[in-house]
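Participant: Dropping a prediction and its sequence here:
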Amino acid sequence: MSCRWGTELWDQFDNLEKHTHWGIEFVERYTKFVKERSEIEIGYAKQIRNLSKKYQPKKNSREEDEYKYTSCRAFLMTLNELNDYAGQHEVIAENLTTHIICELTRYIQELKAERKSHFHDGRRAQQHIENSWKQLESSKRRFERDCKEADRAQQYFDKIDADINVTKADVEKARQQAQLKHQVAEDSKNEYLTYLQKFNKEQNEHYYSLIPHIFQKIQEMEEKRIEKVGESMKTYAEVNRKVLPIVSKCLDGMTNAAASIEPTMQVVESFKSGFEPPGDVEVEDYSLSMRRTVSESSYLNSRGEGKPSRSNSRGKLWPFKRNKGSGPEDCSHLPPEQRRKKLQAKITDINKELQKEVDQRDALTKMKDVYIKNPHMGDPNSVDPRLEEIGQNIDKLELDSRKYEVKHHLKSRSTVFDDDFDDEDPLPTIGTCKSLYPFEGQNEGTISMAEGELLYVIEEDKGDGWTRVRRNEDEEGYVPTSYIKLEKRTACMLS
């Protein structure tokens, strides 16, 4: 449906003036954007050329013994292709300048002049209709004033005409004055009607002829501006698309250079001596008089290994002791504070990796949506393998994160006891509880329990969902608070 600004926007002169001014600013901003992009392309091409030049082999090193290796020749071919690749970015910058920047710069000047002319005509038409309206208002006020004066003159005449004491000459004078005022009022009326008719005609011409004509020109100017911006954006894409075949050839050249490398026999052919490897060296034994029997060594080792450790004798009583033999995965070989920091660092690193994978998944999902809506841009199914791979990575990272979270939680609740404190008295009982569900207690610091089992409570829940319990006198650990029901509390616990 076509819209005509002259009829639809007849009273929006000021808003149209602001809108067209913004339109010119938009074209200027887009031109600035293309100019900066062109400068980036020039700078990038310069950096690429300098890089290619920097790694070009020196003249004195181009010798047969060095360039007989296909990898060196392939690298030289890659540098040459890279130089051609930089040239295509220079082509992009040149075409952007020629076909967009210069064209839009010239068009902006023409657009400003055309806009100025149209709105000058519009303001002049507005000024004319406003002056006509002022004339009409002035004639109307004059007509109103003359009518009031004529009415007063008539009332004065009627008054003295009825007075018998007034002379005939005074009555005649008042009558003539009243007639004069009536005539002036009549003339003012005719003048007012003339101006009214003139204004209505000019107003009709203003809103149904002049303004629609001016606004139609402004509309055509604005539509042309929008089309010009669209053409420039299309040209912007085409400038980049035109160099793709040559860029592809440059990349193909690099690929072919890499494919030309033959690593199998080059080093062998260059350095093979042709000699046979030396034979085995015969034994010359000088230790016959100093030999120690294996049984002695074994005996000493068995005594060292078999010595009982005080820390192991009560391992079940203190499940949170430092495990000196555990691997570095749970960081239990570290002091408590270092262990906590190490586990927290692992969790932070995993979360960072997880966030990267999630961001990649979101980006690929958006790309797939674009491909679905625009099949000509790519195959949506081509993204699925990568999405599946990222999904597997996310699952693994989430599993690792939960694993370290549990370890970090349990380590933060545990108390590390060195060998010097193995004989310390156990914690006092503060109540009893009954297990509602079975719990395996596979993680370090937890204790397993069967359904319906009675246990002693030695440390209540600190708000993290875990309660410390004891079975008999030598086995204790943490269990989920939601898995147990408190049967009896001591006075210590109630306080």
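Facilitator: Structure received. Numbers count the residues shown, from 1 in each chain.
Participant: quick one, what contacts the closest residue to Glu191 other than its chain neighbours?
Facilitator: In space, and not counting its chain neighbours, Glu191 is closest to Ser139: 5.2 Å by C-beta to C-beta, 6 or more residues apart in numbering. For every residue, glycine as well, the C-beta is placed using N, CA and C. When contacts are counted by C-beta atoms under 8 Å, 6 or more residues apart in numbering, Ser139 touches 188, 191-192, 194-196.
Participant: Which positions in stretch 51-58 come out as buried?
Facilitator: For stretch 51-58, burial by neighbour count (16 or more other C-beta atoms under 10 Å) applies to Ser52.
Participant: Tell me the span between the first and last residue of that stretch.
Facilitator: End-to-end distance for stretch 51-58, by C-alpha to C-alpha, to the nearest Å: 14 Å.
Participant: Please work out which residues outside that stretch touch it.
Facilitator: Counting by C-beta under 8 Å, 6+ apart, 66-67, 72, 75-76, 79-80, 82-83, 86 sit against stretch 51-58.
Participant: To what extent is His182 buried, counted in neighbours?
Facilitator: His182 has 17 neighbours, counted by other C-beta atoms under 10 Å.
Participant: Strands of the stretch 351-495 of the chain, residue ranges please.
Facilitator: Along the stretch 351-495 of the chain, the segments classed as strands by DSSP state E, counting those that start in this stretch run 431-435, 454-459, 466-471, 475-480, 484-489.
Participant: helix, strand or coil for Tyr236?
Facilitator: The local conformation at Tyr236, judged by DSSP: H, G, I helix; E, B strand; the rest coil, is helix.
Participant: Is it correct that it is in contact with Val34?
Facilitator: Yes: with contact defined as C-beta atoms under 8 Å, Tyr236 counts as touching Val34 (6.5 Å).
Participant: Next one: Asp187 relative to Leu79, how far apart?
Facilitator: 99 Å (C-beta to C-beta, to the nearest Å).
Participant: what's the answer for Thr365, then?
Facilitator: 38 Å.
Participant: ok, now Lys373?
Facilitator: Relative to Leu79, and taking C-beta to C-beta, Lys373 is found at 41 Å.
Participant: so how far is the helix or strand encompassing Phe215 from its chain's centroid?
Facilitator: Using DSSP states H and E, the element containing Phe215 is helix 211-242. With C-alpha atoms, centre = their mean, to the nearest Å as the basis, helix 211-242 stands 30 Å off its chain's centre.
Participant: and it, what other elements does it pack with?
Facilitator: Under the contact criterion of 3 or more C-beta pairs under 8 Å, 6 or more residues apart in numbering; DSSP states H and E, helix 211-242 touches helix 5-8, helix 13-54, helix 70-96, helix 102-161.
Participant: Give the residue from Thr365 and Leu79 that has the larger number of neighbours.
Facilitator: Leu79 (18 against 13).
Participant: ok, that one - contacts?
Facilitator: By C-beta under 8 Å, 6+ apart, Leu79 lies in contact with 52, 55-56.
Participant: From the contacts of stretch 51-58, keep the buried residues only.
Facilitator: Neighbour counting with 16+ other C-beta under 10 Å marks 75-76, 79-80, 82-83, 86 as buried within the contacts of stretch 51-58.
Participant: Could you tell me which ranges of the stretch 151-300 of the chain sit under the pLDDT cut-off?
Facilitator: By pLDDT under 70, the weakly predicted segments of the stretch 151-300 of the chain are 264-276, 284-300.
Participant: Would you agree Glu28 is in contact with Tyr107?
Facilitator: No: between Glu28 and Tyr107 there is no contact under C-beta under 8 Å: 10.6 Å.
Participant: Could I get the contacts of Leu79 in a markdown table, plus columns for pLDDT?
Facilitator: Shown next, in a markdown table, are the contacts of Leu79 (pLDDT from 0 to 100):
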| residue | pLDDT |
| --- | --- |
| Ser52 | 91 |
| Tyr55 | 86 |
| Gln56 | 82 |
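Participant: of those residues, closest to Ile261?
Facilitator: Among the contacts of Leu79, Tyr55 lies closest to Ile261 (C-beta to C-beta), at 17.0 Å.
Participant: For Cys250, see how far away the closest one is.
Facilitator: Applying C-beta to C-beta to Tyr55 and Cys250 gives a distance of 16 Å.
Participant: circling back: deepest of the helices and strands packed on helix 211-242, which one?
Facilitator: The highest mean neighbour count among those, using mean count of other C-beta atoms under 10 Å, belongs to helix 70-96: a mean of 18.
Participant: All good on my end, thank you.
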